[in-house]
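S.K.: test case, fold it:
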Amino acid sequence: MAERHPNEPKSAANVESHFLGRWVGAGTLPGTLGYLQATIPLVVLEVAAERLILRVRPRALGRIAGIDRLTAAPGDDLVAFPVKSNRTWQGIEFRLPTRPSFYFWTRSRGEILDALTSAGFRVSDEEGQMR
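M.R.: Below you'll find the predicted structure:
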């Protein structure tokens with residue numbers, strides 16, 4: 001197998017093999033004025049083997065609302081918990097010890113939790129309510 005030069009772009013197949021999924025949903029996200037609710041399709045979750053990104057789109061909306069994006073790697077102290085809001089919305093709570101929780105509301109919760117596990121993130125078996 002030929003070696004790749006350090007500045008040579010990765011092949012599309014190599015990049016895609018590490019990308020596990022992108023989901024669009026709603027979110028309850030911490031901002032400068034407390035928690036803010038963003039409806040579908042304004043919140044995007046991307047999971048890859050080396051990272052997780054939860055963000056509001058468009059980016060300008062997130063900046064105006066003072067919402068940071070959540071970025072984490074599998075070795076970070078992030079734990080994903082399956083949650084329900086008021087017994088209707090299923091979602092995932094992303095909890096870090098140094099930040100407020102981020103909530104992603106979706107009908108694809110099981111698929112996302114499986115992708116997070118495959119990527120090496122810590123996923124709790126305990127379902128809870130939004131805190």
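S.K.: and stretch 69-84, how far out from the chain middle?
M.R.: In terms of Cα atoms, centre = their mean, to the nearest Å, the centre of stretch 69-84 is found 7 Å from the chain centre.
S.K.: for that stretch, measure first residue to last.
M.R.: End-to-end distance for stretch 69-84: 22 Å, by Cα to Cα, to the nearest Å.
S.K.: which other residues reach it?
M.R.: Contacting residues not belonging to stretch 69-84 are listed as 49-56, 62, 90-99, 102-103, 109, 113, 116, 119-124, 126-130 [Cβ atoms under 8 Å, 6 or more residues apart in numbering]. For the C-beta atoms, the positions are set from N, CA and C on the backbone; glycine is no exception.
S.K.: state the mean pLDDT of that stretch.
M.R.: In this model, stretch 69-84 has a mean pLDDT of 95.
S.K.: please convert the buried members of the contacts of stretch 69-84 into ChimeraX selection syntax.
M.R.: Selection of buried members from the contacts of stretch 69-84 for ChimeraX, criterion 16 or more other Cβ atoms under 10 Å:
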select :52,54,55,56,62,90,91,92,93,94,95,102,103,109,113,116,119,121,123
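S.K.: so which of the contacts of stretch 69-84 are in strands?
M.R.: Of the positions in these, 51-56, 90-95, 102-103, 122-123, 128-129 sit in strands, assigned by DSSP state E.
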